[in-house]
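In: sequence and predicted structure, then a few things I'm wondering about:
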Amino acid sequence: MAITLGPNQYGKAEVRLVTVRRDGPVHHVKDLTVSTSLRGELAATHLTGDNAGVLATDTQKNTVYAFAKEAPVGEIEDFGLRLARHFTGTQENITGARIKIDEHGWDRIAVGGAPHDHAFSRSGDERRTTAVTVQGDRAWVVSGIDGLTLLKSTGSEFHGFPRDRYTTLAETSDRILATAVTAKWRYQGEDIDWAASHTEIRRVMLETFATKHSLSLQQTLYAMGEAVLEKRPEVAEVRLSLPNKHHFLVDLSPFGLKNDNEVFYAADRPYGLIEGTILRDDAEDPGPAWDIH
Ligand SMILES: O=c1[nH]c(=O)c2[nH]c(=O)[nH]c2[nH]1
């Protein structure tokens, strides 16, 4: 029996980086969680413990902080590309790098209705994300959104599903539809206004969720991805993971009350999990964009 080393990568996970741009009384805060992963000729350290080609994960973490000082961080996609190209360009045996970045939002606190210069409140659970992969002289950018919780109180039905001896779910023509969106979209190219693209993709997905009359969360998922691909030529592929955050009607009949779709129990688990990919048939090869996450 021969045993070999398969795909591997290593790096520093979840480096917490907060920067304050203080070029006047109005400060700008950026709050990132950065994870680095390096790939390449790394057999020696695994097989013999020879670390001559192992750029320490501690050094990778330090590089993230130093880069944040040496030039403005800018958009997370650009920061990721700079870091990835630094690692592959300076370490001979490192041929690939993936940099994952989550951006946490901060809103300015309103004081007397006016946005404060340097006091902020967390925007909530939503994060803007990116995963940049550099392999040789090519790069792939997969950006997205995590933790965007949505709910519509009507405009959602679910019926026509098979009934077997284990089925108890009632058919419904009017239910709450709620989810927390994890979306990832793969860009084609790099000459992109990342911030504007993110804003528009988010808007298109939200509008579609709101306006598409839903016969299943699966149908809503497809419609959201389809709308992004129709409106945003820079996007090759969209992947969505949508938990179905069930809201069950509470039985009020023991109290002599009728529930007219007004009182619900919001269950946190189990939840349906609806996942899917929507892609252009002429999209270019994704390369290693989605490998080892
Ligand atoms: O939109 C839905 N899709 C399902 O597949 C499903 N299954 C279920 O129990 N409820 C729902 N809702």
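Out: Alright, I've got the coordinates. Here the structure is a predicted model, which means the values were calculated and not measured.
In: show me where the stretch 101-250 of the chain has its strands.
Out: 114-135, 138-152, 177-187, 235-244, 247-249 (DSSP state E, counting those that start in this stretch).
In: put the alpha carbons of the first one into CSV.
Out: This points to strand 114-135. The C-alpha atoms that make up strand 114-135 are tabulated as CSV, following Å, rounded to 0.1, in the frame of the first residue of the first chain:
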residue,chain,number,x,y,z
ALA,A,114,-26.5,64.1,12.3
PRO,A,115,-24.0,61.3,11.7
HIS,A,116,-21.2,61.4,14.3
ASP,A,117,-17.6,61.8,13.2
HIS,A,118,-16.1,59.0,15.1
ALA,A,119,-18.8,57.0,17.0
PHE,A,120,-20.4,54.0,15.4
SER,A,121,-22.9,51.1,15.9
ARG,A,122,-22.5,47.7,14.4
SER,A,123,-24.7,47.3,11.3
GLY,A,124,-26.0,43.9,12.4
ASP,A,125,-25.1,40.4,11.4
GLU,A,126,-24.7,41.0,7.7
ARG,A,127,-21.2,40.7,6.3
ARG,A,128,-19.7,41.4,2.9
THR,A,129,-17.4,38.6,1.9
THR,A,130,-14.8,37.7,-0.7
ALA,A,131,-12.5,34.8,-1.4
VAL,A,132,-9.7,35.6,-3.8
THR,A,133,-7.7,32.8,-5.4
VAL,A,134,-4.4,33.4,-7.2
GLN,A,135,-2.8,30.5,-9.0
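In: got the buried residues for that strand?
Out: Residues 126, 127, 128, 129, 130, 131, 132, 133, 134, 135 are the ones in strand 114-135 that count as buried (16 or more other Cβ atoms under 10 Å). Placement of C-beta: from N, CA and C, glycine included.
In: closest point of the stretch 1-150 of the chain to the ligand, which residue?
Out: residue 150 (13.7 Å; Cβ to the nearest ligand atom).
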